[in-house]
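Colleague: sequence and computational prediction follow.
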Amino acid sequence: MILDVNGAPAYCYTGNQPGGKDFDAARPTIVFLHGAQNDHSVWALQSRYFAHHGYNVLAPDLPGHGRSGGTALTTVEAMADWLLALLDAAGSRRALLAGHSMGSLIALEAAHRAPERVAGLALLGTTWPMKVSDTLLAASKDALQEAIDMVDIWSHSLPMPRPASPAPGFWAAGMVRRLMQRMAERNPAQLFHTDFSACNAYANGGEAAAGVACPVLFVLGARDVMTPPRSAQALTAALKHGRIVTMDAGHAMMAEQPDAVLDALVAFAGTCARH
């Protein structure tokens, strides 16, 4: 589905192909937000499941990413404003927000800016502050393939794939690597550096978390070295009512443990429905 958001086309995967289902205000809505140098496809299993189990699904490509037009936004705050404009364009008054990595910061900031529009927050591979190492930040600007390789290695729990893949027919590390390369090919304007800089600079996480009253789910990878669970302690402490699910995965948990991520989100969506 293509929506007009702030004068630029915004692509949203609806989980129903071809064409998708019409938005139905009587159904609950869930929004899936991707991380840096990614697109909607990282949520393939989860978005499709929810679309076939009673939900409106919006899995957007952020501006300058994937199939969406416009230029990449430079701050988390601007991305949160864009997300709220996207909900307006789709006709959604209230939604459950699920965000991975940079997407988790966008979801958190959107809940801060418009709490009445957020039914729940699922924050995956999250932390705050989300600081990016100087080495990785520099590589994302001047040595893109090196940055992609670093992130690909650090995002997976094992240097070699398991004998049995949770997503049959796919090599998780290779799939993630190729996605980041494809994003660079589609938008060569230092997309990775822009995304990482936005994560690195985001300073409002503490204030945003302090005001969140909706249900919150944290999904953390026990082997995550990009956003280690210990680094999320300030955020989980600020959101004491949040539930924490830790799984045997690295940062790319939707690729490594797709079913476990789905199970956590399904259970959480049920909690939000009763809230």
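Modeller: Received the coordinates, thanks. Please read all numbers here as calculations on a predicted model, not as lab measurements.

Colleague: tell me which residues in stretch 137-151 are buried?
Modeller: Buried residues in stretch 137-151, counted by 16 or more other CB atoms under 10 Å: 137, 139-140, 144, 147-148, 150-151. To be clear about C-beta, it is placed using only N, CA and C from the backbone, and glycine gets the same treatment.

Colleague: can you add distance to Thr271 and give the residues you listed back as TSV?
Modeller: Listed next are the buried residues of stretch 137-151 as TSV, based on distance: CB to CB, whole Å:
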residue	distance to Thr271
Leu137	37
Ala139	40
Ser140	37
Leu144	40
Ala147	37
Ile148	36
Met150	36
Val151	32
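
Colleague: any chance you could map the strands in this structure?
Modeller: Listed in chain order, the strands of the chain (DSSP state E) span residues 2-5, 8-13, 29-33, 56-60, 95-100, 118-124, 216-221, 243-247.

Colleague: which one of the ones you listed lies closest to Asp22?
Modeller: With CB to CB as the criterion, Asp22 lies closest to strand 56-60 of the strands of the chain, at 9.2 Å.

Colleague: neighbours around Asp81, how many?
Modeller: Asp81: 18 surrounding residues under other CB atoms under 10 Å.

Colleague: so what's it up against?
Modeller: Applying CB atoms under 8 Å, 6 or more residues apart in numbering to Asp81 gives the contacts Arg113.

Colleague: from Leu87, how far out is it?
Modeller: For Asp81, the distance to Leu87 equals 11 Å [CB to CB, to the nearest Å].

Colleague: who touches the helix ranked longest in the chain?
Modeller: Looking across the chain with DSSP state H, the single longest helix is helix 258-274. Helix 258-274 is contacted from outside by 28, 30, 45-46, 49-50, 53, 55, 96, 98, 119-120, 122, 124, 166-167, 214-215, 217, 219, 243, 245, 247, 249, 253-254, using CB under 8 Å, 6+ apart.

Colleague: list only buried entries from those.
Modeller: By 16+ other CB under 10 Å, the contacts of helix 258-274 give 28, 30, 45-46, 49-50, 55, 96, 98, 119-120, 122, 124, 166-167, 214-215, 217, 219, 243, 245, 247, 249, 253-254 as buried.

Colleague: could I get the strands of the chain as TSV with mean pLDDT and distance to Val176?
Modeller: TSV is the format used below for those (pLDDT from 0 to 100; distance: least, CB to CB, whole Å):
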stretch	mean pLDDT	distance to Val176
strand 2-5	95	26
strand 8-13	96	18
strand 29-33	97	16
strand 56-60	96	17
strand 95-100	98	12
strand 118-124	98	15
strand 216-221	98	13
strand 243-247	97	17
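
Colleague: can you lay out those strands as TSV showing distance to Cys199?
Modeller: Output for the strands of the chain, formatted as TSV (distance: least, CB to CB, whole Å):
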stretch	distance to Cys199
strand 2-5	21
strand 8-13	21
strand 29-33	13
strand 56-60	18
strand 95-100	12
strand 118-124	13
strand 216-221	17
strand 243-247	21
